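S.K.: take this sequence and fold it.
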Amino acid sequence: MALITLLTDFGYRDHYVAALKARLLQLAPATPVVDISHGVEPFNIAHAVHVLQAVFRDFPPGTVHLVGVDDHGAGPEPGWHAARFEGHYFVAGDNGILALLCNGEPEELVALPAAITPSPSRDVLLPAAVALAQGEPLTSLGPVITEFHRLNNRQVRLQDHRITGHVAHVDHYGNLITNISRTAVDAVGHGRGFAVHFGREVVRELHPHFSAAPPGEAVVVFNSQGCLCVGICQGNASELLGLNFDSQIDVRFPTE
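M.R.: Predicted coordinates:
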């Protein structure tokens, strides 16, 4: 029996998470389950993708990830899909999450049966996740498809002496997590020092962690996923700097 993870925007105040788990206990009481989070901002696809991308590879191959965020899908006609990508399985609404998560195209994608239900995560996605966790082949869940709702990730712009990226996520502490990777910085920088520009601020020193700077100072680090991040030591960078999701962040290298 493979592991099932749960990522939803259900929150923690209501009964929705308990109802999902109660259904799981009815379908497969021995299935191991891990809650990634139920605190994704309601209907926030970008938030869900960021959280899942940051952690899904840490789970064993064959893990099934249920994504119950905006779970009715995009458009007037609801749709739900199951996909395989990098040795993992994903079940989600047809709302662009799979395109963003898989950088455009899953390795294999099937359509799940349509249903009229107030809770697609419980009634459509969960049975599919259980079937996959029990070893059913992906193609047993529905027909293979190639057409699905597509969204594109924000692309980093690389130049000889500059990288232009954006804030991909603001975390619980107000830290600004960008889409600029350590790999991109190394490829453009070739060992050169660099300055990070955001809003009216410039930071020229890279720190190993957010607490390495004096309290109240802006700090730039690479997180454990290799993403460039901007924070305020013991402060909320998003609020104090006035930057949010999609705000521009520049990395500039000396020209001489």
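S.K.: you'd agree residue 242 is up against residue 199?
M.R.: Yes. Assessed by CB atoms under 8 Å, residue 242 is found in contact with residue 199 at 6.2 Å. The way it works is simple: take the backbone N, C-alpha and C, and place the C-beta from them, glycine included.
S.K.: who's more crowded, the two?
M.R.: Remark: of residue 242 and residue 199, residue 199 carries more neighbours, 15 against 11, as counted by other CB atoms under 10 Å.
S.K.: which residues in the stretch 101-250 of the chain form strands?
M.R.: With DSSP state E, counting those that start in this stretch as the criterion, the stretch 101-250 of the chain has strands at 108-111, 157-158, 162-170, 176-181, 195-198, 201-203, 218-222, 227-232, 248-252.
S.K.: ok, which of those strands comes nearest residue 27?
M.R.: Ranking the strands of the stretch 101-250 of the chain by their distance to residue 27 (criterion: CB to CB) puts strand 108-111 first, at 19.1 Å.
S.K.: buried set for the closest one?
M.R.: Neighbour counts over strand 108-111 (16 or more other CB atoms under 10 Å) mark 109-111 as buried.
S.K.: do stretch 189-206 as well
M.R.: Residues of stretch 189-206 classed as buried: 194, 196-198, 203 (neighbour count, 16+ other CB under 10 Å).
S.K.: and which of those is nearest residue 98?
M.R.: Within the buried residues of stretch 189-206, the smallest distance to residue 98 is 30.7 Å, found for residue 198 (CB to CB).
S.K.: what sits against that closest one?
M.R.: Residues in contact with residue 198 (CB atoms under 8 Å, 6 or more residues apart in numbering) are 176, 230, 241, 243, 247-250.
S.K.: run the last query once more with 6 Å
M.R.: With contact taken as CB atoms under 6 Å, 6 or more residues apart in numbering, residue 198 is in contact with 230, 249.
S.K.: now do it, the pLDDT please.
M.R.: At residue 198, the pLDDT value in this model is 93.
S.K.: compute the number of surrounding residues for residue 126.
M.R.: Residue 126: 24 surrounding residues under other CB under 10 Å.
S.K.: spit out the contact partners of it.
M.R.: Residue 126 sits in contact with residue 23, where contact means CB under 6 Å, 6+ apart.
S.K.: what pLDDT does the model give it?
M.R.: 97.
S.K.: measure it to residue 55 for me?
M.R.: Shown here: residue 126 relative to residue 55, a distance of 20 Å by CB to CB, to the nearest Å.
S.K.: one more: residue 61?
M.R.: 14 Å.
S.K.: settle it for me: which of these two has more neighbours?
M.R.: A count of neighbours by other CB under 10 Å puts residue 55 above the other of residue 61 and residue 55, at 16 against 10.
S.K.: now residue 119: how far from residue 10?
M.R.: Going from residue 119 to residue 10 by CB to CB gives 10 Å.
S.K.: these two: who's more crowded?
M.R.: Neighbours were counted for residue 119 and for residue 10 using other CB under 10 Å; residue 10 has more, 24 against 18.
S.K.: tell me who's in contact with the more buried one.
M.R.: By CB under 6 Å, 6+ apart, the contact list for residue 10 reads 16-17, 38.
S.K.: can you give me the helices in the stretch 1-150 of the chain?
M.R.: With DSSP state H, counting those that start in this stretch as the definition, the stretch 1-150 of the chain shows helices at residue ranges 16-27, 45-55, 97-101, 120, 126-133.
S.K.: remind me what the third one packs against, helices and strands.
M.R.: Spelled out, it's helix 97-101. The contact analysis (3 or more CB pairs under 6 Å, 6 or more residues apart in numbering; DSSP states H and E) places helix 97-101 against helix 45-55.
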